[in-house]
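Engineer: Take a look and give me a structure for this.
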Amino acid sequence: MNPFLNILPQIDVHGYTADLVVYPISDFINDNIKLKNYKIVIVHGIGKSILKNTIRNHFSRDKRIKKLYGDSFNLGVTIIELNK
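Structural biologist: Okay, here's the model as predicted:
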């Protein structure tokens, strides 16, 4: 894992279903906006990419998010940059 990701706020959503994963992430985004953290990490794992695809599809349309991308060192995370 990229060592620089360890200093960013992160949430681990292993074990969540695709139907429920957006709710804790949305709350996590709200909390980090209040704390003025503008870059966060979602740890979803690799697996069959179900969680990754759900997260990226859902939050790519979210107005709170400036940019959403993966990490080249770890395919099991999504990095989200929030609007200021």
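
Engineer: Looking at the residue nearest the centre of the chain now. What's its pLDDT?
Structural biologist: Nearest to the mean C-alpha position of the chain, counting by Cα atoms, centre = their mean, stands residue 42 at 3.0 Å. Per-residue confidence (pLDDT) for residue 42: 96.

Engineer: Any buried residues in the lengthiest helix in the chain, and which?
Structural biologist: In the chain, taking DSSP state H as the definition, the longest helix is helix 22-34. Residues of helix 22-34 classed as buried: 22, 25, 28, 29, 32 (neighbour count, 16 or more other Cβ atoms under 10 Å). Glycine gets a C-beta too; all of them are placed from N, C-alpha and C.

Engineer: the inter-axis angle of the following helix or strand past that helix versus helix 22-34?
Structural biologist: For helix 22-34, the succeeding helix or strand toward the C-terminus, using DSSP states H and E, is strand 39-43. Counting by axes from the mean of the first three to the mean of the last three Cα atoms, to 10 degrees, strand 39-43 lies at 160 degrees to helix 22-34.

Engineer: which secondary structure elements does strand 39-43 contact?
Structural biologist: strand 10-12, helix 22-34, strand 77-82 (3 or more Cβ pairs under 8 Å, 6 or more residues apart in numbering; DSSP states H and E).

Engineer: That one: partners in the sheet, and parallel or antiparallel?
Structural biologist: In the sheet, strand 39-43 lines up against strand 10-12 (parallel), strand 77-82 (antiparallel) (DSSP bridges).

Engineer: what's in contact with that strand?
Structural biologist: For strand 39-43, contacts defined as Cβ atoms under 8 Å, 6 or more residues apart in numbering pick out 5, 8-14, 25, 28-29, 32, 55, 76-82.

Engineer: where does this protein have low pLDDT?
Structural biologist: Flagging of the chain using pLDDT under 70 yields the residue ranges 1-3.

Engineer: and if we set it to 80?
Structural biologist: Applying pLDDT under 80 to the chain picks out residues 1-6, 72-73.

Engineer: follow-up on the earlier one: got the helices and strands packed on strand 39-43 as CSV, with distance to residue 70 columns?
Structural biologist: Listed next are the helices and strands packed on strand 39-43 as CSV, based on distance: least, Cβ to Cβ, whole Å:
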stretch, distance to residue 70
strand 10-12, 14
helix 22-34, 15
strand 77-82, 6
